[in-house]
Every structure is written in structure tokens, then in C-alpha cells.
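Chemist: Got a sequence here, can you model it:
(one chain, ligands or ions: 1)
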Amino acid sequence: MDSHNHENCVIHTEDLTKIYDGGAFPVRAVNDVHLHIEKGEFTTLVGPSGSGKTTLLNLIGGLDQPTQGKVWVKDVDISTLSKSQLIDFRLHNIGFVFQAYNLIPVLTARENIEFVMLLQKRSKAERKKRVFQLLREIGMEDKINHRPAQLSGGQQQRVAVARALASKPQFVLADEPTANLDSKTAKNLLDTMVKLNEEEHITFIFSTHDQRVMDRARRVITLVDGAIASDELKEEQHIIIG
Ligand SMILES: Nc1ncnc2c1ncn2[C@@H]1O[C@H](COP(=O)(O)OP(=O)(O)OP(=O)(O)O)[C@@H](O)[C@H]1O
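Modeler: Numbers count the residues shown, from 1 in each chain. Just a heads-up that it's a prediction; the model follows:
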């Protein structure tokens, strides 16, 4: 049986390669990456600046096209999807938390979280239930009607995490989620993500330079020059069945 058909496999890549051709010489930003991520993982991608972390996250999330190789999310080879199918697929399967939190400035915290569920055409009752559950999880019930400009960086980051989770994705991709956060806020955010990982079995994949994030991860994958240089399991992974 192919490993990507395994029932707990969430992401599987084969020969994944991204070459940027624009400059004086081509850059192999991601170089022949074979990666297998199981449901319930809390995994971080580390490596020096320019080692390919963001590019790899973009490829896994279907935000960028590989030069070579394939990405499966569950049993779907995402290269076979049309542009509109891919947009729909991302909406239902993947949560994104990127450095610029990309919250919509004119919407309140509640509306930002609800937005993706509106796109998914979820019922009003379901949206309301999920939004309040998430606002409770991130400890921001008292800020539901605040717009992003009225929130601190850390609070915006927490709203971005809640928004990524609102759609009940298969997995969440987070590019440097704690960049520019003070220790207390970073710890709160990590606590929230660990809790959601443990209680809702959401799979998380982060890129980070932050030792605090590496310390909380159960699996640490190190990239060097676009290739996996090491892949360490820090403790027994709790693979969630079903
Ligand atoms: N759009 C692009 N065009 C050309 N080269 C690019 C492009 N995006 C990234 N690169 C190059 O690909 C390599 C990998 O970049 P990437 O941003 O994935 O690294 P990273 O590990 O996320 O870095 P950092 O830790 O600094 O965020 C770098 O050499 C970068 O210069």
C-alpha cells in the first residue's frame, strides 16, 4: 500500500522540488523533499534563513506550484485540481496562519473568524457556536467586537489562529507564528495551539526560528538548502485514530 493512502496520513510529498529561475542562477528553494505527516502531529520546520521553510509550507498549502514532485493531502494529489477546485479544497482542508496576520481591517474579531465559515456556507447557528467556542479557547470573549487595529499584535495573532481553525481544517500551516511576540504572548499562543492539538486533534505544522516553539514541538524537521537534513521525534507521537 502506498504510504499516502494510509488512513492517518494527512500530508505526503514525493520528490518535492521548487526551483526559482528568476535570478543570476537558479535557486533550489526546496530540494527533493519526501515528507509524511500524520493526523495529530505538532511539528515544526526549522533551519537557517533561506533554507526553504516558507516555500515548503506554500507548496504543501497549494499556494505555490512545485517544479517537480507531488503533494497529497489525505488521498488527493493537489496537482490534479483546477484553480477553482484548489481554492475550494484549501477552504475546506487547510488553515493558514501567516506572519502578516491578514485579518480584514473592517471586520471585527468575531467577523474575521466567521468569514471563512460564511464562504463554506455553514449555517448561522453552526457559525455562532464555533465562533464563541474559539473565542473562548483563545481567551478573547471580551474582544469580539474589536477590529484588528484595536487589538495588540498578540491578540491579532490569536484571532488569526482562531480564524485558521474555524473551518475545522485537516491541518494548520503556520509560518513563524510567534515572530515579534513577547514571551508571555508567545507562551499563551503556544498553549492555545497545544490545547487545540490535544483536544481537537488538529494537526499543526509550523516554521520557526523561535526556540520556544521548538521546545513545544514533538517533531522537529531541519531544512538545509531546501532539503531535509534531520527529522527528530522528541517523544512518542500520539497518533489519533479516526
Ligand atoms: N519568489 C521567489 N523568487 C526567487 N527566489 C525565491 C523566491 N522565494 C524564495 N526564494 C529563494 O528561495 C530560498 C528559500 O526561501 P524561503 O523563503 O523558503 O526560506 P525560509 O527558510 O523561509 O527563510 P526565512 O527563515 O528567512 O523566512 C531563498 O534562497 C530565497 O531567496
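
Chemist: Against residue 20, how distant is the residue most central in space within the chain?
Modeler: Nearest to the mean C-alpha position of the chain, by C-alpha atoms, centre = their mean, lies residue 173 at 1.0 Å. Distance, residue 173 to residue 20, by C-beta to C-beta, to the nearest Å: 20 Å. All C-beta spots, glycine's among them, are computed from the backbone N, C-alpha and C.

Chemist: Run through the residues that contact residue 79.
Modeler: Contacts for residue 79 (C-beta atoms under 8 Å, 6 or more residues apart in numbering) come out as 65-66, 70-71.

Chemist: In strands only, show me the residues you listed.
Modeler: If you go by DSSP state E, those have 70-71 in strands.

Chemist: Could you turn the buried ones of the contacts of residue 79 into a ChimeraX selection?
Modeler: To isolate the buried ones among the contacts of residue 79 in ChimeraX, judged by 16 or more other C-beta atoms under 10 Å, type:
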select :66,70,71
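
Chemist: rewinding a little: and the residue nearest to the centre of the chain, what element?
Modeler: Assigned by DSSP states H and E, residue 173 belongs to strand 171-175.

Chemist: Repeat that for residue 196.
Modeler: Here residue 196 is assigned to helix 183-200, by DSSP H and E.

Chemist: likewise residue 34?
Modeler: Element membership of residue 34, judged by DSSP H and E, is strand 27-38.

Chemist: what do you get for residue 229?
Modeler: Using DSSP H and E, residue 229 falls within strand 227-233.

Chemist: quick one: strands adjacent to that strand?
Modeler: Using DSSP bridges, strand 227-233 pairs in its sheet with strand 219-224 (antiparallel).
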